[in-house]
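>>> all I have is the shape, not the residue letters:
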């Protein structure tokens, strides 16, 4: 593999703006230039509020265990943009990124494609170039107007829907469900998690309109299977992935493939144990329902020592309702910012978390994590690093951890 300087990756990252561009026109134009590789791929598209990446990773591993060449497109990345596009767990090479940018930079600029639109196009292009058997594409934001939705999937999946990105997708659960339901395609089955009643009404209505069969994940499908990803909600994601496989036409997947895939899935930043004795856990739960799911898992560990939370959030996230629960679970809470244009400042965080003896505010994530470590005096102490994917880089630096190969 030819080595590549960082210019191509830096170029892609430089077009990441503070505003999110919804709509399919720019992606359609870019895909035309790339000769519409998405039309030659067998694709599963996944939308939802939480659990999209985990479900995609489990599904990918199941299909890989069945002997297929599997493309996986997810977002965001933890350290390196390459992580967003993988084939059988291996990230796209720097050389391939360079080739894509060299070929299409002029067109990206001409149509003012966003970072996400450009990376989505690169995913389709890379998967077609490498003749994958199937591509699993995670929707970026919403569904109806997300760039991934230009594809013609053979199956769609909707993970649990809750309130998030309300300033973009709508301020009610029904409005958000409508946007997510927008990934459904005429006559194509859609597999869904157990959903809130209001969400179910919207999904069923849209499925009827699209003549799409809406299938709820079978919660009893995982006989003698213990998911490698930890936590109650990961069991639900695993049921969703296992159910989805049964509705894939043209693919042969055995019960053993499902068992092996779910038990061997690696997916970083999901209740991920970075260290034991004392325990350090990394979870990217970044909205109210994601953080609640993490608290549920953390409480199940029966931690008896000192418990420390390192917390950072993205701007516009609102976790006010669950602050009392967070304060009741942890002995020390250290709030910080991350190196990202959308990070919530510590001043903004203090308005949500408040002033308390157990809460500290430190700007640097590295300083916050290192301060947290000083509270871990005994084997039964624990520390959780939660709230954003942007903790990836400081965690990688401090614990010498790679997030490359799944």
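Alright, I've got the coordinates. Note that the coordinates shown come from a computational prediction; the quantities given were computed from them, not determined experimentally. Numbers count the residues shown, from 1 in each chain.

>>> ok, which stretches of the stretch 1-150 of the chain are helices?
7-14, 25-33, 52-65, 94-110, 115-129 (DSSP state H, counting those that start in this stretch).

>>> need the contact list for the residue most central in space within the chain.
What sits nearest the mean C-alpha location of the chain, by CA atoms, centre = their mean, is residue 53, with 3.8 Å. Going by CB atoms under 8 Å, 6 or more residues apart in numbering, residue 53 touches 74, 138, 267, 270. Every residue, glycine included, has its C-beta placed from N, CA and C.

>>> out of the helices of the stretch 1-150 of the chain, the one nearest residue 286 is which?
Distance to residue 286, taken as CB to CB, is lowest for helix 52-65 among the helices of the stretch 1-150 of the chain, at 11.6 Å.

>>> from the chain's centroid, how far away is the closest one?
Chain-centre distance of helix 52-65: 12 Å, with CA atoms, centre = their mean, to the nearest Å.

>>> how many other residues sit next to residue 276?
10 (other CB atoms under 10 Å).

>>> touching, residue 107 and residue 32? I think so.
No: Residue 107 is beyond contact range of residue 32, at 9.1 Å (criterion: CB atoms under 8 Å).

>>> okay, those two: which has more neighbours?
Taking other CB under 10 Å, residue 107 and residue 32 do not tie; residue 107 has more neighbours (16 against 11).

>>> mind listing what that one touches?
Neighbour list for residue 107: 29, 30, 33, 113 [criterion: CB under 8 Å, 6+ apart].

>>> make it 6 Å
Counting by CB atoms under 6 Å, 6 or more residues apart in numbering, residue 107 makes contact with residue 33.

>>> just the pLDDT at it, thanks.
As predicted, residue 107 sits at a pLDDT of 95.

>>> distance of the residue sitting furthest away from the middle of the chain from residue 402?
What lies farthest from the middle of the chain is residue 357; by CA atoms, centre = their mean that is 33.6 Å. Noted for residue 357: a distance of 37 Å to residue 402, by CB to CB, to the nearest Å.

>>> next one: residue 160
Distance from residue 160 to residue 402, by CB to CB: 30 Å.

>>> which one's more surrounded, those two?
residue 160 (23 against 10).

>>> for the more buried one, phi and psi?
For residue 160, the backbone dihedrals are phi -50, psi 140 (criterion: degrees, to the nearest 10).

>>> surely it touches residue 193?
Yes: the criterion here is CB atoms under 6 Å, and residue 160 meets it with residue 193 at 4.8 Å.

>>> neighbours of residue 394, just the number please.
23.

>>> which non-adjacent residue is nearest it?
Spatial nearest neighbour of residue 394, chain neighbours left out: residue 365 (4.3 Å); criterion: CB to CB, 6 or more residues apart in numbering.

>>> burial measure for the one you found, as a count.
26.

>>> now swap in the one 5 residues further on and tell me
The number of residues packed around residue 370, counting by other CB under 10 Å, is 15.

>>> that one: what secondary structure?
Three-state assignment for residue 370 (DSSP: H, G, I helix; E, B strand; the rest coil): helix.

>>> which one is it nearest to, not counting chain neighbours?
residue 398 (7.0 Å).

>>> repeat that for residue 330.
residue 309 (4.2 Å).

>>> can you pull the contacts of residue 151?
Applying CB under 6 Å, 6+ apart to residue 151 gives the contacts 38, 43.

>>> what's the neighbour count on the residue nearest to residue 330?
26.

>>> look up how far residue 374 lies from it.
14 Å.

>>> number of nearby residues for residue 150?
19.

>>> can you pull out the strands in this protein?
Under the criterion DSSP state E, strands of the chain are mapped to 43-47, 70-73, 85-87, 90-91, 134-138, 155-158, 190-192, 214-216, 272-275, 279-283, 307-311, 332-335, 359-361, 382-386.

>>> so which of these is nearest residue 318?
Closest among the strands of the chain, using CB to CB: strand 307-311, at 13.9 Å.

>>> many thanks, we can stop here.
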